[in-house]
Structure formats: C-alpha cells, structure tokens
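**Student:** coords please:
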Amino acid sequence: MGDSSAIESYHAHVYFDADTREEAKRVREAVEERFDIQMGRWHEKMVGPHPCWSYQIAFEPPVLDELVPWLMVNREGLTIFLHPNTGDALSDHTDHVDWLGPSVDLNIDFFTKRAGAEGN
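**Tutor:** Modelled structure (predicted):
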C-alpha cells in the first residue's frame, strides 16, 4: 500500500472545449472566489498529458475535503481530472487518479518522452 503522507499537494484539471468554454469560465471564477487555491493558466490547446483544453487548480491537502465535494455538484457537466503530487508524475497521472465526470485517455507518452529528454 502507498503512503498518503507522500502527497505534497493536488491538481484538479478542468477539461473543456469551444462549446463548454462559458461553463469552464463560471466554474473557474467560482473556485477562485471560494477556495484557497492557485489557479493555473487557461489553455485552449492540449498541454502535457491532457487530451483536452484545460486549466489547472492547484491546492494543498487541507483544501481537498471542501473543494472536491463542491466540484462534484458544481462542475457544470465538465470533466475534471484529479491527482495528487507525490513526486512520481507517471503514477500520479495513472495509478493515483480520480475523475469527476467521464474519464478520458491521457497522453501517457508525454511522460516517457519527457523522461527520455531529461536523460540526455
């Protein structure tokens, strides 16, 4: 079993597209108003392993118990990808994940390509 004390922080990635941009904007503004989080950039392109447009919500473990239930009922139909940050990015994005809404396949090759580039 893994050690949950290894969780340094969390990321929630809110996925959207051209048709759901307004919903994503409303969720983003509401999260910023209500929670002690760090909001990432708004990406209208695929970034990293994410197969959709997205933005990131970064937060510390104490925020999890309030933020995630709020997102569950206020996600406006959007898919949200949630993962911890333990220092093992591949496992954090594959083994230690949770989804609010339908899951989508991530671009896991991103991690092997990045690891190969770092080894050079």
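
**Student:** quick check: beta-bridge partners of residue 80?
**Tutor:** Beta-bridge pairing for residue 80 (DSSP bridges): residue 14, residue 100.

**Student:** who's in contact with it?
**Tutor:** By CB atoms under 8 Å, 6 or more residues apart in numbering, the contact list for residue 80 reads 12, 13, 14, 15, 71, 99, 100, 101. Bear in mind the C-beta positions are built from the backbone N, C-alpha and C, glycine included.

**Student:** would you mind checking these for buried ones?
**Tutor:** 12, 13, 14, 15, 71, 100, 101 (16 or more other CB atoms under 10 Å).

**Student:** model confidence score at the last one, please.
**Tutor:** Yep, that's residue 101 we're talking about. We have a pLDDT of 97 for residue 101.

**Student:** skipping its backbone neighbours, what lies nearest it in space?
**Tutor:** Counting by CB to CB, 6 or more residues apart in numbering, residue 101 lies nearest to residue 79, which is 3.8 Å off, once chain neighbours are set aside.

**Student:** I'd say the one you found and residue 99 touch.
**Tutor:** Yes - shown here, residue 79 and residue 99 form a contact pair, counting by CB atoms under 8 Å, at 6.8 Å.

**Student:** could I get the buried ones among the contacts of residue 80 as TSV with distance to residue 65?
**Tutor:** TSV is the format used below for those (distance: CB to CB, whole Å):
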residue	distance to residue 65
12	13
13	19
14	19
15	23
71	12
100	15
101	20
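
**Student:** got the end-to-end distance for stretch 8-27?
**Tutor:** 24 Å (CA to CA, to the nearest Å).

**Student:** pull out the buried residues from it.
**Tutor:** Neighbour counts using 16+ other CB under 10 Å place 10, 11, 12, 13, 14, 15, 16, 20, 24, 27 of stretch 8-27 among the buried residues.

**Student:** tabulate these (CSV), appending pLDDT and distance to residue 37.
**Tutor:** Below are the buried residues of stretch 8-27 laid out as CSV (pLDDT from 0 to 100; distance: CB to CB, whole Å):
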residue, pLDDT, distance to residue 37
10, 98, 9
11, 97, 10
12, 98, 9
13, 98, 13
14, 98, 12
15, 98, 17
16, 98, 18
20, 98, 21
24, 98, 15
27, 98, 12
